[in-house]
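> Provide a 3D model corresponding to the input given below.
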Amino acid sequence: MKKHLLLISTLAITLVSAQSNDALKREFEKQNNKNNEKFDSYVAKRYGANKSPEVLKEIEEQRKSLSGFDPSGKPYFLHPEDMDQIKNSNSDFLQNGTVTGLTGSFNGENIKYTIFDGGRVFGGHAFFDNLPGRITNKEASTMNYSAHSTSVAGFIGARAHTQTLTINGAPRTINFQGIAKNSTMDSYAFGTTTLPGNTSPSTVFQKIITAQPKISNHSYGSNVGWNIATVNGANAWVWNGVYGSPSTAMDLQGTYFTNDQNYDNIVYTNPSYIIVKSSGNYFGYGPDYPGTSAFPKYYTDDNGTRVQFAATDTLPTTNCSNGGDCIGPGSLAKNIIVVGATDIITANNGRYITASDVVHSDYSSAGPRDDGGIKPDITAVGTSVGSASTAENTTGSNSLTVGDGTSYSAPVVTAVIGLWTQINKQLFNNAELNAASAKTLMIHSAAEAGNIGPDPLFGWGFIDAKKGAELLVGKSNNTVIFNDESLTSGTPVIKTVVASGSEPLKVTISWIDPAYQLPANLSWNDAYNNRSSRLVNDLDLRIIDTSNNTVYYPWKLNPVTPSAPATKADNTVDNVEQVVIDAPVAGRQYRIEISNKGTLTTPSQNYSIAVTGYTQQVLATGEVTKDNGIVIAPTITKDIVNVLKAPKKSSFTIYDLSGKKLQSGVINSDKEAIDISSYTKGIYIIEVKSDKDVITKKVIKE
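Have a look, this model is predicted:
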């Protein structure tokens with residue numbers, strides 16, 4: 001769908017006021033009465049005298065879903081498409097409390113999101129009236145409310161509201177409910193403005209620092225290739241790169257640039273900041289775009305003057321004409337999460353089943369970064385989705401909109417991460433996810449989309465809220481490794497696991513990398529399609545089959561041919577690495593190694609790791625761990641760690657990361673409390689031995 005191309009308002013179904021809503025209600029009532037009369041006539045013809053209970057039930061269900069009649073007089077019916085983004089992303093399993101191992105439902109309680117967007121969110125919208133104080137605007141009250149900002153807030157956390165609308169001539173029932181309907185949100189504009197109480201303007205980067213956001217959404221970006229503009233009162237194509245007649249064209253699509261450096265600096269300095277950003281809506285823009293061949297084409301000279309291309313000039317290629325390379329600067333940073341858009345999944349009752357269920361939205365900008373770095377990181381539904389809207393003034397209004405864009409898919413991912421954070425806090429003593437752990441969890445749990453492995457359209461796949469929640473539960477019961485760890489420069493971290501053989505053995509790591517420092521006065525030749533890695537600390541992930549020393553490598557993309565399937569080799573550009581063995585041998589030991597090239601910029605580098613597809617972890621001594629129902633909790637504590645359900649007379653031992661024994665004892669009850677309050681802050685290993693089993697678990701002393 002490319003209705004968004006001309007940036008017109010025909011996608012919005014706006015209910016301007018209560019008065020307009022009343023008029024619509026009267027019109028809908030007239031339509032309903034008329035359709036009921038037609039339906040009664042249809043029932044008489046269709047069913048005759050058959051009034052069995054089964055037929056009566058069928059008639060009643062059809063009446064409830066009746067939408068209208070085609071020109072031949074045949075009725076057609078509504079097929080509910082409620083909560084498209086919620087159901088497609090499996091977020092409803094979290095909202096409804098139906099994830100095994102979790103207690104209660106998760107709708108964003110005590111989770112605050114921060115929105116940086118085109119203006120103020122209209123907090124007075126009826127979609128946010130389920131709880132007081134859900135929206136806090138941080139900009140001056142003289143700033144207009146933004147329809148776009150309000151929509152983004154709605155995707156994150158609108159309360160439930162179902163309405164039937166006519167879209168492109170067809171009826172559709174939409175539930176406008178967001179994913180985290182009991183959350184709160186702070187609202188900032190991404191533009192440079194003077195915040196209340198300040199005397200000087202702040203850029204968005206300054207605002208991020210001021211806001212100190214735990215989880216923030218950024219549905220904005222830049223188009224540095226072909227774009228639509230109005231020139232001399234008419235639609236025209238304008239090339240936003242540099243051009244030299246007759247055939248020299250360069251652009252910043254795919255280029256790691258100043259804004260990327262800024263985002264990376266912010267997150268590296270504040271690793272708890274989870275920043276989610278849209279990838280852009282510019283795939284396929286350019287002279288080849290259907291229906292625009294008559295548009296005049298311009299480029300901008302060094303003086304900022306638009307110059308029409310000559311008939312003899314060779315035009316720059318259409319954005320992403322090679323299948324990728326049309327994400328603009330600011331959405332190519334290493335330490336943020338960049339989101340692309342997909343169409344609504346309509347098959348399988350809205351549930352993901354296979355990769356082919358996920359369809360790339362034809363406008364969603366694709367990667368990778370010019371050095372081959374995987375962008376976008378993830379995708380979510382963003383096309384033909386409904387949300388809140390408002391009049392763009394200082395009064396605001398209760399309006400609705402249905403539209404397309406990565407602006408609408410990004411807040412889905414933002415909201416899901418908030419629910420994961422809520423779950424993590426419940427399971428692990430109020431601990432929150434950080435930027436690295438959120439990305440690791442998201443990527444490790446992603447559903448496959450597009451090519452096997454990562455690709456430039458879908459990144460690592462399609463967001464799966466339920467799978468992410470299940471991984472957190474797996475961590476809590478010792479069946480999944482999901483930890484924040486640290487690598488000392490030059491000293492590999494090694495783990496050995498026994499493969500289950502029933503699923504792939506999969507390991508994912510991510511880390512917050514120092515910003516790549518761009519040289520001063522960067523030239524076009526240096527900026528355009530520069531393949532030099534923007535990675536600073538290059539960590540390496542490998543899995544080794546201990547029976548034959550076969551080495552398994554991580555995924556990587558080729559920026560020259562982005563649409564080619566990902567390969568497995570040494571990855572020198574991504575601060576995410578994932579190694580997958582599709583068919584590991586059941587019962588065989590595999591060694592996981594995390595190391596680094598060169599010298600780290602600091603003595604150590606923190607990273608997050610997730611491991612699935614194993615049944616047991618092997619200790620350095622060669623002993624195999626099992627859980628057999630034994631639980632060690634909490635894993636983050638200031639004082640007490642409990643060993644639960646261990647057989648009496650089992651023993652426990654506590655080690656530091658160097659392997660030094662610190663404490664040991666005997667377990668005499670079903671809940672044995674171990675006091676570690678005297679230890680310094682850090683990571684420790686607790687080992688529990690019974691007659692048959694040995695289990696180990698890392699705990700963090702705060």
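> residue contacts, the residue nearest the centre of the chain?
Centroid-nearest residue in the chain: Val413, 3.3 Å away (criterion: CA atoms, centre = their mean). Contact partners of Val413, counting by CB atoms under 8 Å, 6 or more residues apart in numbering, are 276, 337, 339, 378, 380, 442, 463. (C-beta placed from N, C-alpha, C; glycine too.)
> Return the subset of those residues lying in helices.
Within the contacts of Val413, residues falling in helices by DSSP state H are Met442.
> Now do the helices in the protein.
For the chain, applying DSSP H gives helices covering 18-47, 53-65, 84-88, 92-95, 147-157, 204-211, 258-269, 406-427, 435-445, 465-476, 524-527.
> In JSON lines: these, plus distance to Pro647 and mean pLDDT.
Below are the helices of the chain laid out as JSON lines (distance: least, CB to CB, whole Å; pLDDT from 0 to 100):
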{"stretch": "helix 18-47", "distance to Pro647": "66", "mean pLDDT": "54"}
{"stretch": "helix 53-65", "distance to Pro647": "56", "mean pLDDT": "64"}
{"stretch": "helix 84-88", "distance to Pro647": "44", "mean pLDDT": "86"}
{"stretch": "helix 92-95", "distance to Pro647": "35", "mean pLDDT": "94"}
{"stretch": "helix 147-157", "distance to Pro647": "46", "mean pLDDT": "96"}
{"stretch": "helix 204-211", "distance to Pro647": "50", "mean pLDDT": "93"}
{"stretch": "helix 258-269", "distance to Pro647": "45", "mean pLDDT": "93"}
{"stretch": "helix 406-427", "distance to Pro647": "24", "mean pLDDT": "97"}
{"stretch": "helix 435-445", "distance to Pro647": "33", "mean pLDDT": "98"}
{"stretch": "helix 465-476", "distance to Pro647": "21", "mean pLDDT": "96"}
{"stretch": "helix 524-527", "distance to Pro647": "64", "mean pLDDT": "92"}
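> Using CSV, lay out the ones you listed together with distance to Asp570.
Shown next, in CSV, are the helices of the chain (distance: least, CB to CB, whole Å):
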stretch, distance to Asp570
helix 18-47, 60
helix 53-65, 56
helix 84-88, 35
helix 92-95, 37
helix 147-157, 38
helix 204-211, 33
helix 258-269, 22
helix 406-427, 29
helix 435-445, 19
helix 465-476, 27
helix 524-527, 25
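> Could you check these and tell me which one is nearest Thr637?
Proximity to Thr637 (CB to CB) singles out helix 406-427 among the helices of the chain, at 13.2 Å.
> Measure how far the closest one is from the centre of its chain, please.
Relative to its parent chain, helix 406-427 has a centroid offset of 8 Å by CA atoms, centre = their mean, to the nearest Å.
> likewise stretch 385-401?
Taking mean C-alpha positions (CA atoms, centre = their mean), stretch 385-401 and its chain are 24 Å apart.
> thinking Pro138 is in contact with Ile208, fair?
That one is not Pro; residue 138 is Lys. No: with contacts counted by CB atoms under 8 Å, Lys138 stays clear of Ile208, the gap being 11.6 Å.
> Between these two, tell me which one has more neighbours.
Ile208 (24 against 18; other CB atoms under 10 Å).
> follow-up on the earlier one: scan the contacts of Val413 and report the most crowded one.
Highest neighbour count within the contacts of Val413, by other CB under 10 Å: Val339, with 33 neighbours.
> so what's it up against?
Per CB under 8 Å, 6+ apart, neighbours of Val339: 276-279, 376-380, 406, 409-410, 412-413.
> rerun at 7 Å
Taking CB atoms under 7 Å, 6 or more residues apart in numbering, we find Val339 in contact with 276, 278-279, 376, 378-380, 406, 409-410, 413.
> farthest-separated two in those?
Spatially, the most separated pair among the contacts of Val339 is Val276 and Thr379, at 12.4 Å (CB to CB).
> The nearest residue to Val493 once chain neighbours are set aside pairs with what?
Using CB to CB, 6 or more residues apart in numbering and skipping residues adjacent in sequence, the residue nearest Val493 is Ile594, 4.4 Å away. Taking DSSP bridges, one obtains Val493, Leu541 as the residues bridged to Ile594.
> Tell me how many other residues crowd Ile594.
Ile594: 21 surrounding residues under other CB under 10 Å.
> Now do the same for it: its pLDDT.
Looking at Ile594, its pLDDT is 98.
> What is the burial count for Lys214?
18.
> brain fart, Lys689
If you count neighbours by other CB under 10 Å, Lys689 ends up with 18.
> Find the nearest non-adjacent residue to the residue nearest to the centre of the chain, please.
Once flanking residues are discounted, Val413 sits nearest to Val339: 4.9 Å by CB to CB, 6+ apart.
> who's in contact with Pro454?
By CB under 7 Å, 6+ apart, the contact list for Pro454 reads 374, 460, 555, 557, 566.
> can we see that at 10 Å?
367-368, 374-378, 443, 446, 460-461, 554-557, 565-566, 574, 576, 578 (CB atoms under 10 Å, 6 or more residues apart in numbering).
> are any of these buried, and which?
Buried by 16 or more other CB atoms under 10 Å: 367-368, 374-378, 443, 446, 460-461, 554-557, 566, 574, 576, 578, out of the contacts of Pro454.
> Out of these, name the ones that lie in strands.
Residues of these located in strands (DSSP state E): 378, 555-556, 576, 578.
> Tell me, how many residues neighbour the closest residue to Thr314 other than its chain neighbours?
Spatial nearest neighbour of Thr314, excluding adjacent residues (CB to CB, 6+ apart): Ser247 at 3.9 Å. For Ser247, the count of nearby residues is 11 (other CB under 10 Å).
> State the pLDDT value of Ser247.
96.
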